[in-house]
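Asks: sequence first, predicted model second:
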Amino acid sequence: MTESSASTSPGVPLSRDDWWTAVGLTLCVLAAYVLTGPGRIDIIDGQLRYDVTRSLLDGAGFQVRDPVLPHKVAGLEGRQYAFYGPGASVLGLPLVWLARSLGGDRNTEMFFFSLTSAFVVSACVGAFYLLRRRLGGTELRSTAWAFFLAFGTPLWPLATTVFDQGQHAAVLFLATTLGWEAALRQNRAIAVLAGVVGGSVVLFQEGLLLLLPFVGLCTLEGAHWPGRGRFDPWAWIRMPELRSRYLPFALGCAVPFALWLLFNFVRFGSPFDSGKADIAGHPPIWGSPVAGFFGLLFSPGKSIFLFFPSLLPSLLCIRAWWRKTPLLCLAVVATTVVQLAVASSLTFWGSDWAWGPRYLMLLAPLLTIPLGLFGFTQGFGKWILFALVPIAIGVQLMGILVDQHPFFFERNLSAYFWYYAPETYWHESQLFARPAEIARIFTQPFPLPPIAFRPGPYQEIWPTYCIFGGRPFESHLWMQRFAVFYLPRPWPLWIGFVPAWQKPVSSVLMLGASLSVGCAGLLGLGLGLRRRLAQNLGMS
């Protein structure tokens, strides 16, 4: 049975082999993400979140106790807090606890914390395989497209950073998958679970709450809609599917929303005060939606089509997808439109300092669902996809090979350049500059003898601490004194350049553990795909 023919029968049951394959995919992708991760906190946002994780393990609540960190907000009883939600800090708890259990210091803790998104996003890849199978994809093609999602879309850069958009992507995708599953099974409990999972995005970023009513549309797949006669709003309200699936989804969303309100109340004494309004010196949040819209779609600096090359073919599959599973398609399209509208309206729509437009890149798992399943499966279209695959993988590979900061430092851009000089995105591009940056790192020595591995506080003891702090106007010269800007980004390639006493982990043990996980994943793939491979090889 081909993938295209199978797609006419959504709701294909999963077998034990499918679960083995999903586990194998998750472990293989996790090993690759760990090995290509930065192994250090690569942005100050993550440093604040890590400090909250450390406080939680120390029994100090959600405080930020690092005295040098900026952007702290005063809360009750004079305590200092971050203006971020607790989601990313809570997800990092097991890894930081593991680092402590193994006898590691704060250097090791930060190394382990930087891997948080790798674990969450790799689980999303396994779930993607299961959804493709439920939609009718064959085992081998679903596996191939799951690997493409992992390494040919922005999910790879999102999984290898402490920016938490990769975690947002996983949460939204899992909620959509569970919501659609609730519709197929007509199961109220699964709809509630989908709501709890989806609603948890508010614990990362409260603005994502706007997406949840649209994500929940997938729970209405297969609903019996009122007739085409005179429009009767009460007939729509009385739809049984609204009560049995959409309303339970909404009730599930209310659970993490209530936790978010409690989180704010405990810190600031008001359930609706998240601390964002108290950030001193930050430019306005809202800007021109027209400028943001055109910048996110067409600017050479932040066009989503440049950083997500498979997006356009995915969009061309929407019509065929609508004919197969219209409410799942509607949920994804509506979620995309709303997220684009919100991101476009921000003054910081470029979402720097990062690789690509990360506020849109979090939609990668949802927007990859139809690719090769509801279009581009035959003839010339299939060859277009084959040609696109290496280009898409190459773009993501460029994103994980080099630290993001040199691009900005070499151009002497100010911390808030996206507000004071937004035209930068129309005459400068990370993507177009990246080949030269990679070539320089792998072919040229340090321009000057480095004085430290990285700039910023605690540079003499913790190479895994984030980069921030005062820098001169001529930052293109200042950066030449720090090794991190002239070394490859994945930790196996830079860790050998720091003294032994500064190494956060044993390279040999970490490589061995990662490769062991990868081998376990290959074993899971073998168990899951053995029958299909045997059939294809003519052995059964």
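Replies: Structure's in. What do you need? Residues are numbered from 1 along each chain as shown.

Asks: can you tell me how far residue 367 is from residue 140?
Replies: The gap separating residue 367 from residue 140 is 22 Å, by Cβ to Cβ, to the nearest Å. (C-beta placed from N, C-alpha, C; glycine too.)

Asks: which of those two has more neighbours?
Replies: Neighbour comparison, residue 367 and residue 140: the larger count goes to residue 367, with 25 against 14 (by other Cβ atoms under 10 Å).

Asks: where's the more buried one, which helix or strand?
Replies: Per DSSP states H and E: residue 367 is located in helix 364-368.

Asks: put the alpha carbons of that helix into CSV.
Replies: Written as CSV, here are the backbone C-alpha positions of helix 364-368 (Å, rounded to 0.1, in the frame of the first residue of the first chain):
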residue,chain,number,x,y,z
ALA,A,364,7.7,23.5,12.2
PRO,A,365,6.2,20.2,13.4
LEU,A,366,2.7,21.3,12.6
LEU,A,367,3.6,22.6,9.2
THR,A,368,5.5,19.5,8.2
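
Asks: ok, residues contacting stretch 442-453?
Replies: Residues external to stretch 442-453 that are found in contact with it (Cβ atoms under 8 Å, 6 or more residues apart in numbering): 459-460, 463, 480-484, 486, 488, 497-498, 502.

Asks: for that stretch, buried residues please.
Replies: 450, 453 (16 or more other Cβ atoms under 10 Å).

Asks: how about the contacts made by residue 22?
Replies: Contacts of residue 22 (Cβ under 8 Å, 6+ apart): 126, 127, 129, 130, 528.

Asks: quick one: contacts of the helix holding residue 367?
Replies: With contact meaning Cβ under 8 Å, 6+ apart, helix 364-368 is reached by 124, 128, 145, 148-149, 153-155, 158, 169-170, 172-173, 176, 308, 310-311, 314-315, 332, 335-336.

Asks: average pLDDT across it?
Replies: What helix 364-368 shows for mean pLDDT is 97.

Asks: name the next helix or strand downstream of it, please.
Replies: Note on helix 364-368: by DSSP H and E, the next helix or strand toward the C-terminus is helix 379-401.

Asks: which positions in that next one come out as buried?
Replies: 385, 388, 389, 392, 393, 395, 396, 397, 398, 399, 400, 401.

Asks: what does stretch 92-102 give?
Replies: 92, 93, 95, 96, 99.

Asks: what's in contact with that stretch?
Replies: Stretch 92-102 is contacted from outside by 49-50, 53-54, 56-57, 108-109, 111-113, 115-116, 119, using Cβ under 8 Å, 6+ apart.

Asks: can I get those residues in CSV with neighbour count and secondary structure?
Replies: Converted to CSV, those look like this (neighbours: other Cβ atoms under 10 Å; DSSP: H, G, I helix; E, B strand; the rest coil):
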residue, neighbour count, secondary structure
49, 29, helix
50, 29, helix
53, 25, helix
54, 23, helix
56, 19, helix
57, 15, helix
108, 21, helix
109, 24, helix
111, 27, helix
112, 24, helix
113, 28, helix
115, 23, coil
116, 29, helix
119, 19, helix
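
Asks: now those residues as TSV including pLDDT and distance to residue 219?
Replies: What follows is the contacts of stretch 92-102, written out as TSV (pLDDT from 0 to 100; distance: Cβ to Cβ, whole Å):
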residue	pLDDT	distance to residue 219
49	97	31
50	98	36
53	98	33
54	97	38
56	97	33
57	97	37
108	97	43
109	98	40
111	98	40
112	98	37
113	98	35
115	98	33
116	98	29
119	97	27
